[in-house]
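Quick one: sequence plus predicted model below, questions after.
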Amino acid sequence: MDDLTRLANREVKFMTILTKKDLFEMEEYYYWSGNKQYVPFPSELKERLLEIYGEEPLPHNWSEQDIHEGSRKIIIEYFQS
């Protein structure tokens, strides 16, 4: 069995990343939680969040908590500056 076949037969792990759907849900959350001045997110902010959390930082993994907390900090910092 070659290396490629061995890799293909390994257990598949799902990666946690930020998606455009997640961004939409974040915008809804901020709107309904009383931060209506944050919505809609500027495209510059969306691009930054997707750049950071839109793909796995291999060889490490993001957890949902990493993405949520990191995004929250970036969003608040963006609107307070």
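Yes, it's here. It should be emphasised that the depicted structure is a prediction, and the values quoted were computed from it without experimental measurement. Numbers count the residues shown, from 1 in each chain.

Now name the helix or strand holding Tyr30.
helix 20-32 (DSSP states H and E).

Which secondary structure elements does the next helix or strand after that helix sit against?
On the C-terminal side of helix 20-32, the closest following helix or strand by DSSP H and E is helix 43-53. With contacts defined as 3 or more Cβ pairs under 8 Å, 6 or more residues apart in numbering; DSSP states H and E, the secondary structure elements packing on helix 43-53 are helix 20-32, helix 64-80. All C-beta spots, glycine's among them, are computed from the backbone N, C-alpha and C.

just to revisit the earlier point, so which bits of the helix holding Tyr30 are buried?
Along helix 20-32, the positions that meet the burial threshold by neighbour count (16 or more other Cβ atoms under 10 Å) are 22-23, 26-27, 30.

Quick one: those residues as JSON lines, columns for pLDDT too.
Written out in JSON lines, the entries for those read as follows (pLDDT from 0 to 100):
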{"residue": "Asp22", "pLDDT": "93"}
{"residue": "Leu23", "pLDDT": "94"}
{"residue": "Met26", "pLDDT": "94"}
{"residue": "Glu27", "pLDDT": "94"}
{"residue": "Tyr30", "pLDDT": "92"}
